Every structure is written in structure tokens, then in C-alpha cells.
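Engineer: Everything below, folded, please.
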Amino acid sequence: MTNKARIDYLHRFRQLNDKDLTILIDTFSKEDLMYAKSIAMAIKESYYGRDIYIRGLIELTNYCQCNCLYCGIRSGNTKAERYRIMPDEVFKCCEKGYELGFRTFVIQGGEDPWYTDDKLVPMIQKIRNNYPDCAITLSLGERSRTSYEKLYDAGANRYLLRHETGDASHYRKLHSPGQELADRLTHLKILKSIGYQIGTGFMVGSPGQTPESLVKDLSILKELNPEMVGIGPFVPHHESVFKACPPGRVDLTQFMLALIRIMLPSALIPATTSLGTVDVKGREKGVLSGANVIMPNLSPMNVRNKYLLYDNKAYTGSEAAESLENLRKDMELIGHQVVVHRGDFIAIREGSI
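Structural biologist: Reported below is the predicted structural model:
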């Protein structure tokens, strides 16, 4: 079977056996990438047209009780300049974002125990009451089921919790002792059972990753069927255990984006900041590989350079919420348009492309 035939099979059945997926990921050519991208684009357009949904990213805190070995804000990084955004300031970010045209707010942070439910619930309720037409997405790491339920009842709609790698042994290499892939997957299933639209995803090219690892990532996505999938290349941080490792490949990230769009036709898929960090045109390359979401930064200017999960992170210029006009022009140049819209998930239509 040729790689083109493998892509065609995946397109037709939305699945492919592990052996052929491994071969496809390990041996794809430039022509295979172009072919997969063309199919991914056709699928995306059948669900979402050429609309690009924007999410206003608010980076709540860079304190984190976890010590994930690849991460710049891990608890073991004693040189990180820590900060927390207070709830009133978060609301001001939402006010600004709404005026700019954002209809989804993504509140992201490390696993910071300071943000108890007693602090988060009133903040979420205030956002929900003042902006009933907006979606509220949380990305605050692993919490208890009770906490997830309280935040959902307060008005949160979506929860992002990337699994980072679908290979359990690889997961242990990237995390500190006691962190297990099985636990992360349990949390995602709990979130889905509560009623959240869930988002997960993984790094491409993280240290120790193999084509077989990436096949396991795709298997997890198929099993969970998340509404959102965020992937991006691994980017090293100078204070991490993997500081000397090379970043993930852009072409492999593009290929994985296209395969995910083919497997999960109606998923909401961002062109991530990490892709734009590794390649100056990474954001555009992501969109042309099947992505349909971009998340400009709404955080206060004085903290944007502190939420550094990896080196050279783009947080101003075209990645900033204040530069939406530039973003619109960039998207128009590649035949897409930024829209003022919540950008909700569309359920799969059987028989569609």
C-alpha cells in the first residue's frame, strides 16, 4: 500500500491500522504532505468554510505545583518570575476582549492551588452574567471532580487538558514521578461526563517520541473524540531538563494536523503559538493544514513575558489581541477570514467529506 492509498483509506473510514499509520508518519514525503493537506482543507471547508475563530487567551498564573520536565513554569524552575492575575483584572481582560470582538475567553494557567473554587466560581459567574453570548474555556490542569462540577455550574463551557503524549512510558520520561498518563485520561473522561466540551492534544517532536508514540496519540484522540485538539511542536526551555534538545519539526506538525482533521472532521483545531514560534509562517502553515482556530493573547502586557512554557514564545505583535487587524490581513492573504463568533463545535454529519 502506498502512502497516498493510506491517506485515502484514512479519509474514507476515519481510521487506519496502527502498522500503516506508523509507516505513514515515519515515511511521508513532501507530496504526501501536500495531498493530506488538500484533503484536510476540503474537510474543514465542508464544516466551517474558511472562517477562523479567535479565542482571547488570558494567562491567569504561572505558579504550578507540577514539575513537568519540559515546561518553563514547572515548580522546579526557581528562576521563573512568578505572577498571578487577580479576578477583577481577569474581568477587565474580558471587557477589553469583548470590545475587540472576542466571543470566547480561554483562562489558562499552571496548577496553582491558590486559585480555589471560592476564588474561581465568582469570577466565572461574573463573566457568564456579563457576557452570556460568550463561551468560557478553562485550562487549569487537573482538579477534583467536585471542582470541575462547581466551575461548570458557574458557567464554564469548555475545558482544555492536553495529554501531551499517548505513550505511557514516554509520558513518564516527560513528567516527574507520580504523574501518569492513565490519570490524565481519567480526568478528561470525567470532564466529558460532566458536560464540558473537552480539548486535548500533544507535543510533536518531544524528546523520546517515536512514530509509534504518535500513533498512540491518534488512538487516544479517536477514543476520546474531543471537541478541540491542540498540537504544536516541542520547543525547549533553557531552564528545563530538555534544554539542549531540538524543537519539533514543522512539516511533521503540519502532517499530524492534517491527519487529525481527516480523522476528526469537525474538531476545532488551533494553529498554536508554538508553531508560530518555531516558524515565522507557522500560524499560516497550521491553518493551511486544517486548523481553524487562533488564540491571540489578552493577558495584561506586564505578565505576557512571564508565562513562558518554552523559549522565544511569541506573545506580542501578531500573537497579541491588540493586533487583530494584522491577523485579519494575514488570514485574508491565505484565503481565510477572521470572524466574530463563539466558534462552536459542529457535530459530525454522516456522509460528509
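Engineer: State the mean pLDDT of the helix or strand harbouring residue 125.
Structural biologist: In the assignment (DSSP states H and E), residue 125 maps to helix 117-130. Helix 117-130 shows a mean pLDDT of 98.
Engineer: Parallel or antiparallel, list what pairs with the helix or strand following that helix.
Structural biologist: Downstream of helix 117-130, the first helix or strand assigned by DSSP H and E is strand 135-139. Strand pairing for strand 135-139, determined by DSSP bridges: strand 104-109 (parallel), strand 158-160 (parallel).
Engineer: Single out the most deeply packed of those strands.
Structural biologist: strand 158-160 (a mean of 25; mean count of other Cβ atoms under 10 Å). The C-beta positions use only the backbone N, C-alpha and C, and glycine is treated the same way.
Engineer: How about residues contacting that one?
Structural biologist: 106, 108, 135-139, 148, 191, 196-200, 227-228, 230 (Cβ atoms under 8 Å, 6 or more residues apart in numbering).
Engineer: which of these count as buried?
Structural biologist: The neighbour count (16 or more other Cβ atoms under 10 Å) marks 106, 108, 135-139, 148, 191, 196-200, 227-228, 230 as buried among the contacts of strand 158-160.
Engineer: low-scoring stretches of the stretch 151-300 of the chain, by residue?
Structural biologist: Nowhere does the stretch 151-300 of the chain drop to pLDDT under 70.
Engineer: before we move on, the earlier item: can you say which of the strands paired with strand 135-139 is nearest to residue 186?
Structural biologist: strand 158-160 (13.7 Å; Cβ to Cβ).
Engineer: helix or strand right after that closest one?
Structural biologist: helix 168-174.
Engineer: ok, and what's touching that next one?
Structural biologist: Residues contacting helix 168-174 (Cβ under 8 Å, 6+ apart): 68-70, 163-165, 179-182, 184, 206-210, 213.
Engineer: Check the offset of stretch 255-264 from the chain's centre.
Structural biologist: Put simply, stretch 255-264 sits 14 Å off its chain's centre (Cα atoms, centre = their mean, to the nearest Å).
Engineer: which residues sit in contact with the residue nearest to residue 106 when sequence neighbours are not counted?
Structural biologist: Nearest residue to residue 106, sequence neighbours excluded (Cβ to Cβ, 6 or more residues apart in numbering): residue 137, at 4.4 Å. Shown in contact with residue 137 (Cβ under 8 Å, 6+ apart): 55, 104, 105, 106, 107, 156, 157, 158, 159, 160, 199.
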